[in-house]
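> Okay, structure incoming, though there's no sequence with it:
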C-alpha cells in the first residue's frame, strides 16, 4: 500500500496501486466504506480484464489518516483525489465511483476531463437530500452521532458494510452524510450529463425501479443493470460488477 501526503486533507491518503497493462482504473468508495475493503475481490475476479487499478481509501476511511479538522464534504474529497491523481502523474485513466463515491467521482471527472478516458458510476447521489443512511445519520446533531449514533449504527448493521464502517472516523461519517444531504451547485446530475466523456450508470436490479436510472437513460446515456444485486453490488455480485467495469474500460 502506498501513501500520499495531501495538502487538501492535511493527512496521509493511502491507496493500492496494483500493476497491470493499459490505462488504470481508479476506484472511489462510498459512505462508510473503503476501496481496500470492497474492491480486491472485484479486481481479482476471473471476469475482470487484467489492468492497472488504483484503490483509494478516502481520508477518514480504511487505512487513510482520519484528521478531526477535515470537513469530509464531497467537494473536499474530490479535491484530495484530484491532488493525488495529479501527483501520481496519470495522463490517461478510467474512473469508477460508487454511491457517495460516485458523486465524488463526478466532481473529479469534471476537474480532470483532459485526462479522463471514461466515467462509470453505480447508484450515485445525483441530487441533494441524501439516501437512506445519509439522511438517518445527518438527522443527528454531530456530537450526539459521535457519542451514540455511530455505535448504534454499527450494532444494528449485519451486512459486510459493518466491517468497513468500523474503520471510518465517526465524525467523517456524519460530515460526509450531511454533505450529501446539502448537495452542491450545479447538482451532480447536471455535471454528469454534461460531461463530454464516455460514461455509464450502473444500478443493481434490486434497486429498481428508480427515477434516477430512468432520468439518465432518457438522456441517451448508457445504463446497465447488475443482476442479483442491489446497492451493495461489490459484495452482492462481484463478478457482475467486474464484468461491467471490464466491458466499459475498453476503447
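The structure has been received and is ready for your questions. Nothing here was measured: the structure is a model prediction, and the numbers come from that model.
> longest helix in the protein, by residue count?
As assigned by DSSP state H, the longest helix anywhere in the chain is helix 74-88.
> could you give the mean pLDDT of the helix or strand hosting residue 174?
Assigned by DSSP states H and E, residue 174 belongs to helix 170-182. Averaging pLDDT along helix 170-182 gives 98.
> sorry, back to before: which strands or helices does the longest helix of the chain pack on?
Under the contact definition 3 or more C-beta pairs under 8 Å, 6 or more residues apart in numbering; DSSP states H and E, helix 74-88 sits against strand 2-6, strand 11-18, strand 25-28, strand 53-57, helix 100-111, helix 170-182. To be clear about C-beta, it is placed using only N, CA and C from the backbone, and glycine gets the same treatment.
> quick one: contacts of it?
Contacting residues not belonging to helix 74-88 are listed as 4, 6-9, 13, 15, 17, 26, 28, 54, 56, 58-59, 70, 93, 100, 103-105, 107-108, 111-112, 115, 176, 179-180, 184 [C-beta atoms under 8 Å, 6 or more residues apart in numbering].
> same thing but at 7 Å, please
Applying C-beta atoms under 7 Å, 6 or more residues apart in numbering, the contact partners of helix 74-88 are 4, 6-9, 13, 26, 28, 56, 58-59, 70, 100, 103-104, 107-108, 111-112, 179-180, 184.
> Check which residues of that helix are buried.
Using 16 or more other C-beta atoms under 10 Å as the test for burial, helix 74-88 gives 74, 76-85.
> how far does that helix sit from the chain's center?
13 Å (C-alpha atoms, centre = their mean, to the nearest Å).
> Same question for stretch 166-183.
That offset, for stretch 166-183, works out to 13 Å (C-alpha atoms, centre = their mean).
> Can you list the low-confidence ranges for this structure?
Scanning the chain for pLDDT under 70 picks out 251.
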